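Enquirer: here are the coordinates; sequence isn't available:
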């Protein structure tokens, strides 16, 4: 803990007594657990004024006591998305005490319990039925090890756009420079074009990145992805290989189920709204960041797809293995959250 910066009336008298007895200032500060500068200022003030009483301090007097501070903290914890204005109004309605915005944001009331305003994490909504399904899936696979997950082919589709807006980008700016060109990120919400791709990976390899043109239907998914991509990959993986995909409508089409059953392919019973359990989602995020960081950016959708192919191929196999190995941690965190959201 940092040393104290204030002395009680009793401590000020003890300090002055020790100083008059010849004890050094550093020894006095050590005995009282305060900074050496506190003892120096006390001694100097006593020699100048002949008194050890502290002078009146400037600044606005504190309008809340410890009980009020705890209530303000409780208001923030009851609803984490309360704005400063809402906290001030609710606090005034309950205590008849008016606090300023600076008290809430820069004061110590909330910082003392390590409460800071931060951007919320965006996740898909989970109903009780979704949470139960996630819990059931995690319980069934909680004892799976690297060997078990190494037999799974993780697959997914993702869409990448030419014009993107990354809310994580920050710009160094001075007051009044919010709208200068160097601090503005241009983004065309409805223009630029996009590319939808499909891919899969497992512990020892990956599939080629496939470009999906137009709407993906069940028949197109069967003819363009399942037969030429998924089935050969699973056969090359050997006995016990299984397929992981989400619950998108083309994936669950009857024509797709029929061809998988004829080929005796085992499909995992994947819970709905569980992107945090699918490691391939992190790979899409990595590729998306590299697309946004590429300078100059792709000029058209064909150049964007070629860049996506290069980045997909450039992902080290060790990174793919690390994502497969993370499944045990994902399962454990989902169980600990009782089917709720995890950090993945």
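Expert: Received the coordinates, thanks. This one's a predicted model, so the numbers in the text were calculated from it and none came from an experiment. Residues are numbered from 1 along each chain as shown.

Enquirer: which parts of this protein belong to which domain?
Expert: The chain breaks down by automatic domain parsing into domains covering 9-49, 66-111, 130-336.

Enquirer: how far out from the middle of the chain is the longest one?
Expert: Here domain 130-336 is found 19 Å from its chain centre; the criterion is Cα atoms, centre = their mean, to the nearest Å.

Enquirer: what do you get for the second one?
Expert: Once both centres are worked out by Cα atoms, centre = their mean, domain 66-111 turns out to sit 25 Å from its chain's centre.

Enquirer: output the domains of the chain in JSON lines; the columns should cover mean pLDDT.
Expert: What follows is the domains of the chain, written out as JSON lines (pLDDT from 0 to 100):
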{"stretch": "domain 9-49", "mean pLDDT": "87"}
{"stretch": "domain 66-111", "mean pLDDT": "83"}
{"stretch": "domain 130-336", "mean pLDDT": "89"}
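
Enquirer: which of the residues in stretch 61-81 are buried?
Expert: For stretch 61-81, burial by neighbour count (16 or more other Cβ atoms under 10 Å) applies to 64, 68, 69, 71, 72, 75, 76. Where C-beta positions appear, they are placed from N, C-alpha and C, glycine not excepted.

Enquirer: so which of the domains of the chain gets nearest residue 120?
Expert: Proximity to residue 120, assessed across those by Cβ to Cβ, is greatest for domain 66-111 (7.1 Å).

Enquirer: kindly check the end-to-end length of the closest one for me.
Expert: Taking Cα to Cα, to the nearest Å, domain 66-111 runs 14 Å from one end to the other.

Enquirer: can you add distance to residue 117 and give the domains of the chain back as CSV?
Expert: Formatted as CSV, the domains of the chain follow (distance: least, Cβ to Cβ, whole Å):
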stretch, distance to residue 117
domain 9-49, 31
domain 66-111, 7
domain 130-336, 15
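
Enquirer: what sits against residue 173?
Expert: Contact analysis of residue 173 by Cβ atoms under 8 Å, 6 or more residues apart in numbering lists 180, 182, 183.

Enquirer: so what's the residue count around residue 154?
Expert: For residue 154, the neighbour count with other Cβ atoms under 10 Å is 24.

Enquirer: wait, residue 250
Expert: The number of residues near residue 250, taken as other Cβ under 10 Å, comes to 20.

Enquirer: would you mark the buried spots in stretch 328-335?
Expert: Of the residues in stretch 328-335, 328, 330, 331, 333, 334 count as buried by neighbour count, 16+ other Cβ under 10 Å.

Enquirer: sec struct for the fourth one, please.
Expert: When the structure is reduced to helix, strand and coil (DSSP: H, G, I helix; E, B strand; the rest coil), residue 333 reads as helix.

Enquirer: gap between it and residue 315?
Expert: Taking Cβ to Cβ, to the nearest Å as the measure, residue 333 falls 24 Å from residue 315.

Enquirer: need the helices for the stretch 1-150 of the chain, in chain order.
Expert: With DSSP state H, counting those that start in this stretch as the criterion, the stretch 1-150 of the chain has helices at 9-20, 25-32, 36-49, 66-78, 84-95, 101-105, 108-111, 128-140, 146-149.

Enquirer: as TSV, those helices with distance to residue 267 would be great.
Expert: TSV is the format used below for the helices of the stretch 1-150 of the chain (distance: least, Cβ to Cβ, whole Å):
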stretch	distance to residue 267
helix 9-20	73
helix 25-32	70
helix 36-49	70
helix 66-78	43
helix 84-95	47
helix 101-105	51
helix 108-111	48
helix 128-140	13
helix 146-149	15
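
Enquirer: hmm, back to that, residue 6: which of the buried residues of stretch 328-335 is nearest?
Expert: Closest approach between these and residue 6, by Cβ to Cβ: residue 333, at 44.3 Å.

Enquirer: hmm, residue 344 and the closest one touching each other?
Expert: Yes. With contact defined as Cβ atoms under 8 Å, residue 333 reaches residue 344; the gap is 7.1 Å.

Enquirer: residues in contact with the residue most central in space within the chain?
Expert: The residue lying closest to the centre of the chain (Cα atoms, centre = their mean) is residue 121, at 5.8 Å. Contact analysis of residue 121 by Cβ under 8 Å, 6+ apart lists residue 341.

Enquirer: for it, give me the pLDDT.
Expert: According to the per-residue confidence, residue 121 scores 79 in pLDDT.

Enquirer: now the buried residues of stretch 61-81 in JSON lines, with distance to residue 23?
Expert: Shown next, in JSON lines, are the buried residues of stretch 61-81 (distance: Cβ to Cβ, whole Å):
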{"residue": "64", "distance to residue 23": "39"}
{"residue": "68", "distance to residue 23": "41"}
{"residue": "69", "distance to residue 23": "38"}
{"residue": "71", "distance to residue 23": "44"}
{"residue": "72", "distance to residue 23": "43"}
{"residue": "75", "distance to residue 23": "48"}
{"residue": "76", "distance to residue 23": "46"}
